[in-house]
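Colleague: Predicted structure and sequence below. I'll ask about it afterward.
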Amino acid sequence: MRFSDNGYYVEKYVKCDCCGVLVYDAGLRVEDAVRGELVYCSAWCREWQTQKFAGVDFPSVNARLHGA
Ligand SMILES: [Zn+2]
């Protein structure tokens with residue numbers, strides 16, 4: 001999520017491309033050759049989505065990555 005220069009309004013809502021939660025800071029950005037730039041709220045979401053894109057039906061990600 002990005003605020004306007006004066007900080008009075010939200011200029012752009014950025015949501016995690018995995019879980020859809022609003023990303024307030026820069027987030028984790030990944031440049032995907034097919035899908036363009038992706039933004040994730042945590043390393044957990046990035047890893048989960050990476051496995052999903054690779055064809056894993058039920059991705060297994062270490063829970064400690066959540067919120068990282
Ligand atoms: Zn997420």
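Modeller: Perfect, I can see it now.

Colleague: Quick one: low-confidence residue ranges for this structure.
Modeller: 1, 67-68 (pLDDT under 70).

Colleague: rerun that using 80 as the cut-off
Modeller: Applying pLDDT under 80 to the chain flags residues 1-3, 9-11, 64-68.

Colleague: the strands in it, which residues?
Modeller: 2-3, 10-12, 28-32, 36-40 (DSSP state E).

Colleague: Residue 51 reaches residue 62, doesn't it?
Modeller: No - if you go by C-beta atoms under 8 Å, residue 51 and residue 62 don't touch, sitting 11.8 Å apart. (Glycine included, C-beta is placed from N, CA and C.)

Colleague: higher neighbour count, these two?
Modeller: residue 51 (15 against 10; other C-beta atoms under 10 Å).

Colleague: Return the distance of the spatially most central residue of the chain relative to residue 23.
Modeller: The centre of the chain sits closest to residue 40, judged by C-alpha atoms, centre = their mean, with a distance of 1.1 Å. The spacing between residue 40 and residue 23, counted by C-beta to C-beta, to the nearest Å, is 8 Å.

Colleague: and for those two, which residues touch both?
Modeller: Between them, residue 40 and residue 23 share these contacting residues under C-beta atoms under 8 Å, 6 or more residues apart in numbering: residue 16.

Colleague: Output the set of residues of this protein in proximity to the ion.
Modeller: Within the chain, the positions adjacent to the ion are 16, 18, 19, 41, 45 by C-beta under 5 Å from the ion.

Colleague: now with 6 Å?
Modeller: 16, 18, 19, 21, 40, 41, 42, 45 (C-beta under 6 Å from the ion).
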